[in-house]
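Visitor: any chance you could fold what I've pasted below:
(chains A, B, C and D)
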There are 4 protein chains.
Amino acid sequence: MIKAAIVGATGYAGQELVRLLLRHPDVELVSIGSRSYDGQPMKDVYPLYEHITEDICKNRTVEELSEISDVIFLALPHGVASQEVNKDILDKCKIIDLGADFRLKDLAIYKDWYKVDHGAQDLIEEAVYGLCELHRKEIKKARLIGNPGCYTTCSILSLAPLVKNHLIEENSIIIDAKSGVTGAGRNGQLPYMFCECTESVKPYKVGAHRHTPEIEQELSLLGNEEIKLIFTPNLVPMNRGISANCYATLNDVGKQYTEEDLTTLYRDFYKDEYFIRILESRIPDTKWVKGSNYCDLAVKVDQRTNRVIVIGAIDNLFKGAAGQAIQNMNIMFDLPEKTGIDLITDYPV
Amino acid sequence: MIKAAIVGATGYAGQELVRLLLRHPDVELVSIGSRSYDGQPMKDVYPLYEHITEDICKNRTVEELSEISDVIFLALPHGVASQEVNKDILDKCKIIDLGADFRLKDLAIYKDWYKVDHGAQDLIEEAVYGLCELHRKEIKKARLIGNPGCYTTCSILSLAPLVKNHLIEENSIIIDAKSGVTGAGRNGQLPYMFCECTESVKPYKVGAHRHTPEIEQELSLLGNEEIKLIFTPNLVPMNRGISANCYATLNDVGKQYTEEDLTTLYRDFYKDEYFIRILESRIPDTKWVKGSNYCDLAVKVDQRTNRVIVIGAIDNLFKGAAGQAIQNMNIMFDLPEKTGIDLITDYPV
Amino acid sequence: MIKAAIVGATGYAGQELVRLLLRHPDVELVSIGSRSYDGQPMKDVYPLYEHITEDICKNRTVEELSEISDVIFLALPHGVASQEVNKDILDKCKIIDLGADFRLKDLAIYKDWYKVDHGAQDLIEEAVYGLCELHRKEIKKARLIGNPGCYTTCSILSLAPLVKNHLIEENSIIIDAKSGVTGAGRNGQLPYMFCECTESVKPYKVGAHRHTPEIEQELSLLGNEEIKLIFTPNLVPMNRGISANCYATLNDVGKQYTEEDLTTLYRDFYKDEYFIRILESRIPDTKWVKGSNYCDLAVKVDQRTNRVIVIGAIDNLFKGAAGQAIQNMNIMFDLPEKTGIDLITDYPV
Amino acid sequence: MIKAAIVGATGYAGQELVRLLLRHPDVELVSIGSRSYDGQPMKDVYPLYEHITEDICKNRTVEELSEISDVIFLALPHGVASQEVNKDILDKCKIIDLGADFRLKDLAIYKDWYKVDHGAQDLIEEAVYGLCELHRKEIKKARLIGNPGCYTTCSILSLAPLVKNHLIEENSIIIDAKSGVTGAGRNGQLPYMFCECTESVKPYKVGAHRHTPEIEQELSLLGNEEIKLIFTPNLVPMNRGISANCYATLNDVGKQYTEEDLTTLYRDFYKDEYFIRILESRIPDTKWVKGSNYCDLAVKVDQRTNRVIVIGAIDNLFKGAAGQAIQNMNIMFDLPEKTGIDLITDYPV
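Guide: Numbering: from 1, shown residues only, chains lettered A, B, ... in the order given. Presented below is the predicted three-dimensional model:
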């Protein structure tokens, strides 16, 4: 059994880790970590755990946990994880960080977008960007994973085949993405009250969301060229789900790509990927991926304007956070990749 | 492996059966039955099944299915199941009917409330009312189960300990229950459109809902006296969940029962029941049972008016339909009762 | 023009007052009062006021406002209004208090339920309970109005004709009511976050809600006998609206009342009331009263159990708060009662 | 008093016309037209009209209505209005068509996108595209108005200042818009059931929505050059509201435009427009325009990619349909433009 611990277990992503790890056949959950609810039973924080676990939330350091864990999941605000992880810890156990600290490779970009100094600069190089479908080989050997953001997971998976194959103009990408309210975290902030966000659509941080450099880093790496793009997030009145519409101009390569061509390319690119579904006759809708680790993708070509539109959908807390974190753990510990995360979507929720 | 078939698999309850049976470790799902979608892949009807099953919906009779199944689940409109089931079929396989045809023991009451003649009067006596916590012994030996309604499951479990112990006046019961919109089924009716039922609460069939005689039958049986009650259903803008507030006047038994007394009584009554959770410091909220087979209960006493209020909550499609149907199957086939239905609630949905 | 001021204008009820008073043809809104947003333009607090008003929120005392106002609306937490109002102020202007301080006539009951001492005991007798349909004559002459609570408005209007005519057993009343989330106020509390209250029904304060003694006071007064009842509120995932199911046992008066009898009685009782609608062929649904000052009522009789069920629906912020407050103002200032509040419901919202 | 009639009054846009016209101080509503509900009181179709109007829905032809009306509003499926309107009718009364038949000037484009022949080709030239802010002069003299679509109103108003001033590359426009479910109409279709569309975001008709040529026609006209663009609609779980994110590449004009520059340009362009609000410190959110005729706009510049993003928000049934239709009527009949439609948004709904 893999001994797993969670730090920050009472936020939405942390709680999803608890839920999934409690039913993972190869995992023993050794610590449910929480600063805010230190000393309280998890079932008092989330009553759904009544009869399921008697575990008490504990405020333990990563240092302490490294003595009793094979893997520690961190679900913390940015800037915190990098203060807590160091090489000694990595000698003792693996770290999967669901926050932003170990995703970006360029410290200047990190500081520019996150406005804090990075606390563990010596670990940046070692950290592996945990987008399983694109970095599986490095993940297998990694000790430290920067688990991708929710918007980024959906956006990168949507665009990877086009960028890798140089089919689109490098600076033509526009991503318009919609997220459910869990993306804002579990806090008592006014804008996320029921009455404030039901019955409304709200674009926010237009051209300024911190997932932008993360998407650019990975696509630039894939395309082997510098890519700058616009990313616009929108808050919609639902709990879970990310829907991303990714627009780009097709390169002039002497032929007109059709939807069929590109769909075939996508099928081929992801042919060994259990959690990627390429759709043909329908467009991804967040409801069909909710509660699952799937990423649904569809490719459309607008010949009138020579543009391609890729539509992606994931569950932000699952493939966009906890599910992918466990997928990373499965890879790191040589388990079948879908172990414990191969759930069938609840429908309707 | 138990060979299971579903008739009516594309309604909400039927689909929930598909979802749960596909992951049940002891079940092979041999037929996904649908009249409306005959010949179509299940994944076209519910795209969540993409990559999960290639099964095609088929319009097969119960007769045909009895040749290849150990158990058949029926999720059909009332009046249909009783036309299709007979003793020959029961000699070949077990039947779990999620509809109303095999729940009521009194044919006159059936006709009075459902306005049709019963098509299999000779099976009424044999049929077992499948409320697992109250009829486990008979279920174990049954060939034909009338799986309880959603409102009824929640109402009966809420009131059973009081009625069994004769603690309340027999004709003082008032049940005010709220249901999510899945309770109305998957059809294209105007009142259940998003725009028509969001942002609204709608009481309906006040004093006239068909689950009333079902609750009365079971409580009368338990209390060994005739019980008449009022049951009011209310439609609320959510997908799943039933919340029932059950009011009754405490009998004058020479002592004043406290909340603690009655909570202890409930804990004792349900002490061996995995799926019943008696809450003390909080009141059941449908969100904590959604996607699970749990029934949450809390007991309150209003000394000012000498009344007891029991609050119950279940997921109408799970414990209120498909989950309980599988719980019945597990009992009938001597499997551990929670096999395949011991899921942890998705949160937030 | 009536000079009106609001204290506590940035909560949901306060904002609704601003919205309605800005379009009231006989009112000049002289002060939008707020402690939390002192100095900020109303349009920054609620961007809907962009282009509509340039007014700045000001933290003014009732004392100050009494110098420049004909009427002051107070929308404050309980215990605050009674500290601020006194006889000198009432000599200068009228007060309509939307909070709880001037509703209850019995100070012991006030203290028992609200856990604070009352700050203006000398005004209790003068204060008029502002349920317009029942106290119009006193309101006309009043200087100080205790504007009824939302649940209470709906409950009392639902039961008044039965109680007044002694048709029900005095201690048989059970009220099960459902409220939208605006009822919880505009604050940043976790339980009212979108993700926490969408897709759920939550009964709360069972047998312990502070609107209970208010309903009892008014019904006891109407029936000229002491009435004790159970009132259960439930939180449902919608913004506005209260739906109340009111149950009672019919008195044995030598005849069996039918629905037609009682509906006629209700029509008669409310025959001069513009804002009361007695429905016959349908049951009140909150969507049809949202954004209006109407109270919809329907009466059902369950002959099987000899009970009457009255179903009421109002908009909690309109007839349940700001709309009724303005209705009171209209009465006090001899305006046509529906002036400025005769809006047609937005549909769908 | 202007005598107004509505044909198709029981759909969502038609009902909104009824609601607004009943309170319009200069209008007498002479006919509530409906084929589906012919002979039924409007209050039975929409119970909100209880006590408000006793009018009966009638199935009258445009021909008949032209004898008794000064203006007829048509809210009909495409292809129907053009069969019913002709020059004789226009000699007798004015027509405001909320459908698609009189919006497009190029019959080939109409046929290409709508797949039907146009039934009144001789009226195309005379018809005026009723986007009030851009065609006020022609509207003033018009007899026949093609009232713009909801998505188009929001998109064109968002982009007009940029296109008119040639600040963006003509073929760089991408519009990603989100609509509430009322946009799908009031019908009993499965995809628009509560359980099917709550908790989900669904992009649809990607690159193929019929509002595309309408936006292109108007922007091409404004910019005096042919413009082709991509328009993607998305269905989100709310009732009303359209949010449009409009992306374009800034022209190389020898200077770098800032957000301040462009915001000033927008303020200037719309300086006389009561219903256009240019926001500076916040981004349009559909909740702040719901139930009003406002169009909120904000301009953002992404210097990293040299793109401008204009965010627009309207209420699809109000400014996107019925409100704008009445605004057109006000212009045509020389009334103050905001008469009867200057409502303050209900908040929260």
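Visitor: pLDDT at the residue in the stretch 151-300 of chain A positioned nearest to chain C, what is it?
Guide: Using C-beta to the nearest C-beta, the point where the stretch 151-300 of chain A gets nearest to chain C is A:G188, with a distance of 4.0 Å. Any C-beta I mention is one placed from the backbone N, CA and C, and that applies to glycine too. Reported pLDDT at A:G188 in the predicted model: 90.
Visitor: the residue nearest to it when sequence neighbours are not counted: what secondary structure?
Guide: Among residues not flanking A:G188 along the chain, C:G188 sits closest, at 4.0 Å (C-beta to C-beta, 6 or more residues apart in numbering or on different chains). Each residue gets one of three states, and C:G188 gets coil by DSSP: H, G, I helix; E, B strand; the rest coil.
Visitor: quick one on the thing from earlier: surely the residue of the stretch 151-300 of chain A closest to chain C is in contact with C:E196?
Guide: No: between A:G188 and C:E196 no contact is recorded; they are 9.6 Å apart, counting by C-beta atoms under 8 Å.
Visitor: more neighbours: which of the two?
Guide: Neighbour comparison, A:G188 and C:E196: the larger count goes to C:E196, with 24 against 14 (by other C-beta atoms under 10 Å in any protein chain shown).
Visitor: stretch A:157-172 and chain B, are they touching?
Guide: No: using C-beta under 8 Å from any C-beta of the partner chain, no contact is recorded between stretch A:157-172 and chain B, whose separation bottoms out at 15.1 Å.
Visitor: so what would you say the end-to-end distance of that stretch is?
Guide: 17 Å (C-alpha to C-alpha, to the nearest Å).
Visitor: check the residue located most distally from the centre of chain A and give its pLDDT.
Guide: Checked against the mean C-alpha position of chain A, the extreme residue using C-alpha atoms, centre = their mean is A:G254, at a distance of 36.3 Å. Among the per-residue scores, A:G254 holds a pLDDT of 79.
Visitor: so it lies in a strand, does it not?
Guide: No: secondary structure of A:G254, determined by three-state DSSP: coil, with no strand assignment.
Visitor: how close does it get to D:P213?
Guide: In this structure, A:G254 and D:P213 are separated by 30 Å, where distance is defined by C-beta to C-beta, to the nearest Å.
Visitor: again with A:V236
Guide: Look at A:V236 and D:P213: by C-beta to C-beta, they are 27 Å apart.
Visitor: next: A:Q15.
Guide: The gap separating A:Q15 from D:P213 is 48 Å, by C-beta to C-beta.
Visitor: neighbour count: the two, which is higher?
Guide: Regarding A:Q15 and D:P213, a neighbour count based on other C-beta under 10 Å identifies A:Q15 as having more, with 26 against 22.
Visitor: does the more buried one touch B:Y347 like I think?
Guide: Yes: the pair A:Q15 / B:Y347 is scored as a contact, 6.6 Å apart, by C-beta under 8 Å.
Visitor: find residues that contact each of those two.
Guide: Taking C-beta atoms under 8 Å, 6 or more residues apart in numbering or on different chains as the contact rule, A:Q15 and B:Y347 both touch A:Y46.
Visitor: circling back to that earlier point, okay, and the common contacts of A:G188 and C:E196?
Guide: Taking C-beta under 8 Å, 6+ apart as the contact definition, A:G188 and C:E196 share the neighbouring residues C:L190.
Visitor: alpha carbons only: can I get stretch A:296-306 in PDB?
Guide: Listed next in PDB are the C-alpha coordinates belonging to stretch A:296-306 (Å, rounded to 0.1, in the frame of the first residue of the first chain):
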ATOM      1  CA  ASP A 296     -13.400  15.500 -24.200                       C
ATOM      2  CA  LEU A 297     -12.200  17.200 -27.400                       C
ATOM      3  CA  ALA A 298     -13.700  18.100 -30.700                       C
ATOM      4  CA  VAL A 299     -12.200  19.900 -33.700                       C
ATOM      5  CA  LYS A 300     -14.100  22.200 -36.000                       C
ATOM      6  CA  VAL A 301     -12.800  24.100 -39.100                       C
ATOM      7  CA  ASP A 302     -14.300  27.300 -40.200                       C
ATOM      8  CA  GLN A 303     -13.300  27.500 -43.900                       C
ATOM      9  CA  ARG A 304     -14.900  30.900 -44.300                       C
ATOM     10  CA  THR A 305     -12.200  32.400 -42.100                       C
ATOM     11  CA  ASN A 306      -9.500  29.700 -42.300                       C
END
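Visitor: quick check: mean pLDDT of that stretch?
Guide: Taken as a whole, stretch A:296-306 carries a mean pLDDT of 96.
Visitor: next one: stretch A:25-44
Guide: The predicted confidence, averaged over stretch A:25-44, sits at 98.
Visitor: just give the nearest non-adjacent residue to the residue of the stretch 101-250 of chain A at minimum distance from chain B, would you?
Guide: Going by C-beta to the nearest C-beta, chain B is nearest to A:N239 of the stretch 101-250 of chain A, at 4.3 Å. Once its chain neighbours are removed from consideration, A:N239 has its nearest residue in B:P348; the separation is 4.3 Å (C-beta to C-beta, 6+ apart).
Visitor: test my guess that the one you found contacts B:K287.
Guide: Yes: at 7.2 Å, B:P348 and B:K287 qualify as touching, with contact defined as C-beta under 8 Å.
Visitor: intersection of neighbour lists for those two?
Guide: Each of C:196, C:199 lies in contact with both B:P348 and B:K287 under the rule C-beta under 8 Å, 6+ apart.
Visitor: where do the helices sit along chain A?
Guide: If DSSP state H is used as the criterion, the helices of chain A fall at A:12-22, A:42-45, A:62-66, A:81-84, A:87-92, A:107-114, A:132-141, A:150-164, A:194-197, A:211-223, A:259-269, A:323-332.
Visitor: how about the residues of the stretch 201-349 of chain A by chain C?
Guide: Within the stretch 201-349 of chain A, the residues that sit near chain C (C-beta under 8 Å from any C-beta) are A:237, A:239, A:349.
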